[in-house]
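*Asks:* sequence and predicted structure, then a few things I'm wondering about:
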Amino acid sequence: MDTETEATRRESGRAVVVTGGASGIGRAIADAFRDNGDRVAVLDRAEGNGSIPVDVADEASVRAAFATARERLGPIDVLVNSAGLLTESRLEDMSLAQWNETIAVDLTGIFLCCREVVGPMRGRRWGRIINISSQLALKGGVGLSHYSAAKAGVVGLSKSLALELGPENVLVNCIAPGPIETPLVDGISESWKAAKRAELPLGRFGTPAEVAPIALLLASDPGGNLFLGQTLGPNSGDVMP
């Protein structure tokens, strides 16, 4: 992207799409970009409040939602994939349907959304893709094998995509939070959450507001320009790579 076009993009605010942006980490990230002066489209399964409806596990739904986002914003500069699903089950008790649903939302959904933006970003030689993974991608979790597997897949996908797109100045990275106080963890048992808090060096779960600034950093210029294929871990000390 030439200097004149880059300056114009900065002055008008970047075009940012946040999936799962109606609640939790996604909402905090969307609000942070808005506060930064960027133009934001929220894609979410929950309709209302200006969100564009989407089922990230459905190819046709993703295509339609991104078409609407482009109509509103123009070419997309930044994509944050925050849509996710979290349930709890030991593997021996897990149905194939539960496994497939988690993989479809938490991994295939990111693939489908990334695919919508990579071509135009490559053509413009500028873009930022930020995928929300989890510290469980690195350490696993009892009763969370399906979720851990999907989130590990997100890390691998992001590294591979970073290698493909880095030469075109399209930077792909992950954020892998530890447990965060969001509606996503409501389906997890209190006993699991109490045991997890006791493991954490900080002794507490994080908040969405403590994660959102990392997305701003990764999308920033020049602050985020050297991050490529990285996984940043706001996890209360749960994982220290």
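*Replies:* Cool, got the structure.
*Asks:* only C-alpha atoms from now on, for both contacts and neighbour counts.
*Replies:* OK.
*Asks:* any buried residues in the lengthiest helix in the chain, and which?
*Replies:* What stands out as the longest helix in the chain, according to DSSP state H, is helix 145-165. If you call a residue buried by 16 or more other C-alpha atoms under 10 Å, then helix 145-165 has these buried ones: 145-155, 157-159, 161-162, 165.
*Asks:* cool, stretch 184-195 as well?
*Replies:* Leu184, Val185, Lys193.
*Asks:* tabulate those residues (TSV), appending secondary structure and distance to Pro234.
*Replies:* Formatted as TSV, the buried residues of stretch 184-195 follow (DSSP: H, G, I helix; E, B strand; the rest coil; distance: C-alpha to C-alpha, whole Å):
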residue	secondary structure	distance to Pro234
Leu184	helix	17
Val185	helix	16
Lys193	helix	17
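*Asks:* whichever helix or strand comes after the longest helix of the chain: how far from the chain's middle?
*Replies:* For helix 145-165, the following helix or strand on the C-terminal side (DSSP states H and E) is strand 170-175. Strand 170-175 has its average C-alpha position 10 Å from the chain's average C-alpha position, going by C-alpha atoms, centre = their mean, to the nearest Å.
*Asks:* given strand 170-175, what are its sheet partners and their directions?
*Replies:* strand 127-132 (parallel), strand 231-232 (parallel) (DSSP bridges).
*Asks:* what sits up against it?
*Replies:* Strand 170-175 has contacts (C-alpha atoms under 8 Å, 6 or more residues apart in numbering) with 121-122, 125-134, 155, 158-159, 161-162, 165-166, 214-215, 218, 225, 227-234.
*Asks:* what's the ChimeraX syntax to select whichever of those residues are buried?
*Replies:* To isolate the buried members of the contacts of strand 170-175 in ChimeraX, using 16+ other C-alpha under 10 Å:
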select :121,122,125,126,127,128,129,130,131,132,133,134,155,158,159,161,162,165,166,214,215,218,227,228,229,230,231,232,233,234
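*Asks:* tell me if Val142 really is in a helix.
*Replies:* No: applying DSSP: H, G, I helix; E, B strand; the rest coil, one finds Val142 to be coil, outside a helix.
*Asks:* burial of it, as a residue count?
*Replies:* 12 (other C-alpha atoms under 10 Å).
*Asks:* and what of Ser82?
*Replies:* Around Ser82 there are 27 residues (other C-alpha under 10 Å).
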